[in-house]
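In: Coordinates only, no sequence provided:
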C-alpha cells in the first residue's frame, strides 16, 4: 500500500462515518479479529472470541497480550477516526492494568482522547465483557502524531 | 527429584507456550528458559503489520510478546502450584521496529516476593543495547491449584506431547 491509498482510505472512512473501514486497513486487526461500530456518539470496538486468542487453554481465558494489543489498536484507530491525521500515529508508551480475567467471550472497548497536543496525543482505553461498569482492563497510551 | 522436575518443566512450558492459543498464532520460539530468565525469538510476519505503508509490525504484537515472556519468567520462579496473572504492564517504545527482521525478546525477574513477582523485559532487533521497547510488569501470585500450570500440564500431558490443540476441547464451554 502506498501513502496516498492510506490517506484516501482514512478520508473515505471519516466521510462515511465508518470506523470499520479504518480497522480493515490494518493487517493486525484481522490477525486478532478486531471490529468497530458507531454507537450513539461513540465508537465501540469489539473482539469476538476465537481459539487463536486464548492464553490459558484450561480456563479458557483470553491472552493478556491480546487484550493489550486490542486496546492499543483501538486507541490508534480512535485517533485515526476522530482526529485529522494522514498516517498511522506512532505509539510512545503504553500502560495497562488488568482488573479482571478476560473470559472466553466477546471483549468490548471504548476509547477517549484525553488530550491532543501539537505532537502528542493521550488516549485512555477501557475493555469490558458483559458489564460496562465492570472493566476487565484499562490502558493509557501516548501517541506521537506524524 | 528437583532436577527431574526442572527437566520436565522446561519442555512442557515451551510446548504450552508455543503450541496453544495465541502463542501458536504468533509463532514465536522460546530460546532460553532459566530460573527467572526467559528469552524468545519472533520471526517477521506480514499478518501482524500495523502500518500498511511501511510494513512495521503493530505495537500490540510487542505487547503480546513481552507479556508472554515476562509471564514465563514469573512462572519459572514458582515453587508451589500457583498461577501468576498479570497485574499491570507498562511499555515504552524507544523506536519503531524495522520491517522484515526478527524480534528478540528477553525478560528477567528482578524481585520475587511472597505475593508479587516484578519483571523487566526488553525487545530488540539488531542491538540488545538499543532496544525497540522496554517494559516492566508485575504479576500476582495466586494459589488456585485447579488452574495452575503444573496441573494443566498433567491434565493435558498427552495432548501436549502429541501436539494437538488443547483449546479445541476447552473452547466451547
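Out: Cool, the structure landed. Not measured: the values here are computed from a predicted model. Numbering: from 1, shown residues only, chains lettered A, B, ... in the order given.
In: Phi and psi next, for the residue of chain B found nearest chain A.
Out: Closest approach between chain B and chain A, counting by CB to the nearest CB: residue B:60, at 2.4 Å. Bear in mind the C-beta positions are built from the backbone N, C-alpha and C, glycine included. Phi and psi for residue B:60, reported as degrees, to the nearest 10, are phi -60, psi -30.
In: burial count for it?
Out: 29 (other CB atoms under 10 Å in any protein chain shown).
In: and it, what is it in contact with?
Out: Contact partners of residue B:60, counting by CB atoms under 8 Å, 6 or more residues apart in numbering or on different chains, are A:28, A:32, A:65, A:66, A:68, A:69, A:70, A:72, A:73, B:48, B:50.
In: Contact partners for the first one?
Out: Taking CB under 8 Å, 6+ apart as the criterion, residue A:28 is in contact with A:69, A:73, B:47, B:48, B:49, B:50, B:57, B:58, B:60, B:61.
In: Tell me which entries of the contacts of residue B:60 lie within helices.
Out: A:28, A:32, A:65, A:66, A:68, A:69, A:70, A:72, A:73 (DSSP state H).
In: Let me know the pLDDT of the fifth one.
Out: The per-residue pLDDT reported for residue A:68 equals 94.
In: Touching, it and residue B:89? I think so.
Out: Yes: in this structure, residue A:68 is within contact of residue B:89 by CB atoms under 8 Å, at 6.4 Å.
In: residues in contact with the helix or strand hosting residue B:91?
Out: Per DSSP states H and E: residue B:91 is located in strand B:86-93. Defining contact as CB under 8 Å, 6+ apart, one finds that strand B:86-93 is touched by A:64, A:68, A:90-98, B:59, B:62-63, B:66-67, B:70-71, B:116, B:132-140.
In: circling back to that earlier point, please enumerate the shared neighbours of residue A:68 and residue B:89.
Out: Common neighbours of residue A:68 and residue B:89 are listed as A:96, B:63, B:67 (criterion: CB under 8 Å, 6+ apart).
In: center of chain B, which residue is that?
Out: Geometric centre of chain B, nearest residue: residue B:68, 2.3 Å, by CA atoms, centre = their mean.
In: check contacts around the nearest residue to that one once chain neighbours are set aside.
Out: Spatial nearest neighbour of residue B:68, excluding adjacent residues (CB to CB, 6 or more residues apart in numbering or on different chains): residue A:65 at 5.9 Å. Listed by CB under 8 Å, 6+ apart, the contact set of residue A:65 reads A:55, B:22, B:60, B:63, B:64, B:65, B:66, B:67, B:68.
In: hmm, back to that, out of the contacts of residue B:60, who's nearest residue B:83?
Out: Residue B:83 lies nearest to residue A:65 out of those, by CB to CB, at 16.1 Å.
In: can you list contacts of the helix or strand residue A:6 falls within?
Out: Element membership of residue A:6 [criterion: DSSP H and E] is helix A:3-15. Under the criterion CB under 8 Å, 6+ apart, residues A:19-22, A:25, A:80-81, A:85-88, B:52-53 lie in contact with helix A:3-15.
In: Closest one of those residues to residue A:47?
Out: Nearest to residue A:47 among the contacts of helix A:3-15, counting by CB to CB, is residue A:20 at 13.3 Å.
In: Let me see the confidence value for residue B:140.
Out: pLDDT at residue B:140 comes out at 91.
In: Isn't it up against residue B:114?
Out: No: counting by CB under 8 Å, residue B:140 does not reach residue B:114; the two are 11.2 Å apart.
In: Which residue of the two possesses the greater neighbour count?
Out: residue B:140 (16 against 5).
In: Bridged to that one, which residues?
Out: Residues in a beta bridge with residue B:140, per DSSP bridges, are residue B:116.
In: No further queries at this time; thank you.
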